[in-house]
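Colleague: What follows is a predicted protein model with its sequence.
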Amino acid sequence: MPEKKQAIRSADPTTTSSMRAVTAAPPAVPLWGGREARLPFTVRVVDDDETLARALRIRQAAYQRHVPEFARTMDQPEPYDRDPGGMVLLAESKLDRSPVGTMRIQSNCYRPLALEQSLELPGWLSGRLVGATRLGVEAGEPGRMVKLALFKAFFLYCVRERIDWMAIAARTPLDRQYVALLFCDVFGDKEFIPLAHATNIPHRIMAFEVETAEPRWREARHALYDFIFVTRHPDIDLSTAPSLIWPDAADSPGDQGSVAASAPSGGAQAARC
């Protein structure tokens, strides 16, 4: 197992392609209190075997384009697909209800995240964690909007459940899309780690602090700020998403002290993304 580092480098908006340097941030906008917009597809929570089968179909098709051997058995449900601390999202075309995207979300409410099968997360990454795995969308430009909507659903769920950190493990070149979203490295800068539970394919482990997301995106004048924080999308439906029941306060991972207090400090490294 690779040697673990104790802190991460803060995301630097001046070096991220999706942002441009500014001298002053625009004023805060009330979250989701602005315009309403419709999408050409819906995003909902998988709640039965038939819907799960549809999610598996688009998942397998997406993985076959990049890791065909790994995708060979993806037509079958995985244990984490029915995890009580998570859910599977499905995006469906409004035109014919064909599946166009999927994402699996898992929390550490009842057991560790899937990626913790292969590595130990550093101590500063404590509290309530939610990870996204098995992201797959249709090929081409239409898939880009689906991917953004799935990320927004992921983020909205984290806000609703008062999650501390979003965590992902991304293959190259998919890691770049999370850099653009202001995720930052959990271990070394641009470090890829082979994950045993993913057939030792190297992944970049990255995290995103939920509480500071809005001001960080606003100050960076992020191109997707309005899409995530201002525009309401009724086609993203999380009404049936499970509510997470965390342990008592004394035992809750979300109450082990602030992330800033538990993380190392000093130098060019920081504990917050």
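Modeller: Perfect, I can see it now.
Colleague: What about residue 191, how many residues nearby?
Modeller: Residue 191 has 14 neighbouring residues, counting by other CB atoms under 10 Å. Just so you know, the C-beta spots here come from the backbone N, C-alpha and C atoms, and that holds for glycine as well.
Colleague: I figured it hits residue 172, correct?
Modeller: No - checked against CB atoms under 8 Å, the pair residue 191 and residue 172 is beyond contact range at 11.5 Å.
Colleague: Need the residues touching each of these two.
Modeller: Taking CB atoms under 8 Å, 6 or more residues apart in numbering as the contact definition, residue 191 and residue 172 share the neighbouring residues residue 204.
Colleague: Give me the residues contacting the helix or strand hosting residue 59.
Modeller: Taking DSSP states H and E as the definition, one finds residue 59 inside helix 49-64. Outside helix 49-64, the residues within contact range by CB under 8 Å, 6+ apart are 46, 70-71, 74-77, 81, 88-90, 92, 99-102, 134-139.
Colleague: Tell me where the stretch 101-250 of the chain is predicted with low confidence.
Modeller: Scanning the stretch 101-250 of the chain with the threshold set as pLDDT under 70 gives 248-250.
Colleague: at 50 what do you get?
Modeller: Of all residues in the stretch 101-250 of the chain, those with pLDDT under 50 make up the ranges 249-250.
Colleague: which residues of it fall in strands?
Modeller: All strands of the stretch 101-250 of the chain, identified by DSSP state E, counting those that start in this stretch, fall at 129-137, 165-170, 184-185, 192-195, 201-209.
Colleague: Redo the ones you listed as JSON lines? Include mean neighbour count.
Modeller: Converted to JSON lines, the strands of the stretch 101-250 of the chain look like this (neighbours: other CB atoms under 10 Å):
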{"stretch": "strand 129-137", "mean neighbour count": "24"}
{"stretch": "strand 165-170", "mean neighbour count": "24"}
{"stretch": "strand 184-185", "mean neighbour count": "20"}
{"stretch": "strand 192-195", "mean neighbour count": "18"}
{"stretch": "strand 201-209", "mean neighbour count": "21"}
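Colleague: Take those and write them to TSV, including distance to residue 106.
Modeller: Formatted as TSV, the entries for the strands of the stretch 101-250 of the chain read as follows, by distance: least, CB to CB, whole Å:
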stretch	distance to residue 106
strand 129-137	5
strand 165-170	10
strand 184-185	20
strand 192-195	15
strand 201-209	15
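Colleague: mind checking which of these is nearest residue 153?
Modeller: Between residue 153 and the strands of the stretch 101-250 of the chain, the shortest separation by CB to CB is 9.9 Å, and it involves strand 129-137.
Colleague: Can you check what angle separates that closest one from strand 201-209?
Modeller: Angle between the axes of strand 129-137 and strand 201-209 is 120 degrees (criterion: axes from the mean of the first three to the mean of the last three CA atoms, to 10 degrees).
Colleague: Thanks a lot, catch you later.
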